[in-house]
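K.L.:
How does the following fold in three dimensions:
(one chain, ligands or ions: 1)
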Amino acid sequence: MSQGNASRSTGSASSRGEVAAVNAVNVHKFFGRTHVLKGIDMEVAPSEVVCLIGPSGSGKTTFLRCINQLEEIDGGRIWVNGDLMGYYEKNGRLHVLDDAAKARQRRPIGMVFQRFNLFPHMTAVQNIIEAPTQVLGVSKADATSEAMNLLDQVGLADRAENYPSQLSGGQQQRVAIARALAMHPKLMLFDEPTSALDPELVGDVLKVMRDLAEEGMTMVVVTHEMAFARDVADRVVFMDAGKVVEEGTPDQVINHPSQERTQQFLSRMV
Ligand code: ADP
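P.N.:
Numbering: from 1, shown residues only. As a prediction, the model looks like this:
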């Protein structure tokens, strides 16, 4: 385990009297008749790094998208930093939030997707300042100055004026991370951020994520990078067929899995 990990507290947030960064209770999701999430319970503590692993189609991406309200859930509840996602309470009853309120709930949550989704007609720095200036009302000068710091943080200080088409996939992905960080997220969701990259570009992106973890960012990461999960995660959650099958420290889940399905999955990974 890395040093950053060792200094992290583990155990459930509620057991330490903290508000959980994510608290998902009995989350269900259907696509048509397909029952994709079958009662997911998951708690993520502040500053915790949780890696979600499991076979393709097990529901990992869908669960991540549910946390961020990119998908509506069909059952259960998700709280992010104590905020019940998608609903408000009035007179003891729950009501659905309107789109603007949902967008406000989504604001402290950064997401990085598998495919780099930068605005193609904007330079790296323009991509990064777009949301802070448009959504948060930060001045262009202040947003630009912060964007330059963020580009430096992801190792791309000299690429500020480049358009996405002039950047490698790995560089684009690092700009995408900087863009998410520009909104000062309390939680970062990563959906297989390196799986669309050429192998030689994966390391730089994982390093940026590793640095973020060491700085104490709360992260939920869907990944097939077992070495990353082993080194960086505080907790690994193995999902299969819409359920959490097993979870624990990386050593427990990756090195000594107790469930047969986890063992089978991991034996196919190497
Ligand atoms: P994973 O991330 O573990 O590979 P996903 O969450 O992407 O799994 O997918 C879980 C299941 O949900 C799969 O059977 C997939 O085909 C299905 N699915 C995902 N998104 C949609 C969608 N927008 N419409 C219909 N089915 C979907």
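K.L.:
looking at it, residue 68 is touching residue 189, isn't it?
P.N.:
Yes: between residue 68 and residue 189 there is a contact under CB atoms under 8 Å: 6.0 Å. Quick note: C-beta positions are derived from backbone N, CA and C, even for glycine.
K.L.:
Tell me which of the two has more neighbours.
P.N.:
Using other CB atoms under 10 Å, the more surrounded residue of residue 68 and residue 189 is residue 189, with 26 against 20.
K.L.:
all helices of the stretch 151-270 of the chain, in order?
P.N.:
169-181, 199-214, 226-232, 250, 260-269 (DSSP state H, counting those that start in this stretch).
K.L.:
Could you give the average pLDDT over the fourth one?
P.N.:
I take that to be helix 250. For helix 250, mean pLDDT is 97.
K.L.:
do the longest one as well
P.N.:
What helix 199-214 shows for mean pLDDT is 94.
K.L.:
now what about it, what contacts it?
P.N.:
2-5, 49, 153-155, 168-171, 173-174, 177, 181, 188, 190, 193-194, 197, 219, 221, 225, 228, 231-232 (CB atoms under 8 Å, 6 or more residues apart in numbering).
K.L.:
quick one: that helix to helix 169-181, angle?
P.N.:
Interaxial angle, helix 199-214 versus helix 169-181 (axes from the mean of the first three to the mean of the last three CA atoms, to 10 degrees): 20 degrees.
K.L.:
Any regions of the stretch 151-270 of the chain where pLDDT drops low?
P.N.:
For the stretch 151-270 of the chain, the stretches with pLDDT under 70 are 270.
K.L.:
how near is the residue of it found nearest the ligand to residue 228?
P.N.:
Closest to the ligand within the stretch 151-270 of the chain is residue 222: 6.1 Å, counting by CB to the nearest ligand atom. Taking CB to CB, to the nearest Å as the measure, residue 222 falls 11 Å from residue 228.
K.L.:
Give the residues shared as contacts by the two.
P.N.:
residue 51.
K.L.:
thinking again about what came up before, what about the residue of the stretch 151-270 of the chain closest to the ligand, how many residues close to it?
P.N.:
23.
K.L.:
With the one 5 residues further on instead?
P.N.:
With neighbours defined by other CB under 10 Å, the count for residue 227 comes to 11.
K.L.:
do the one 4 residues further on as well
P.N.:
Residue crowding around residue 231 was assessed by other CB under 10 Å; the count is 15.
K.L.:
Over to residue 151?
P.N.:
Residue 151: 20 surrounding residues under other CB under 10 Å.
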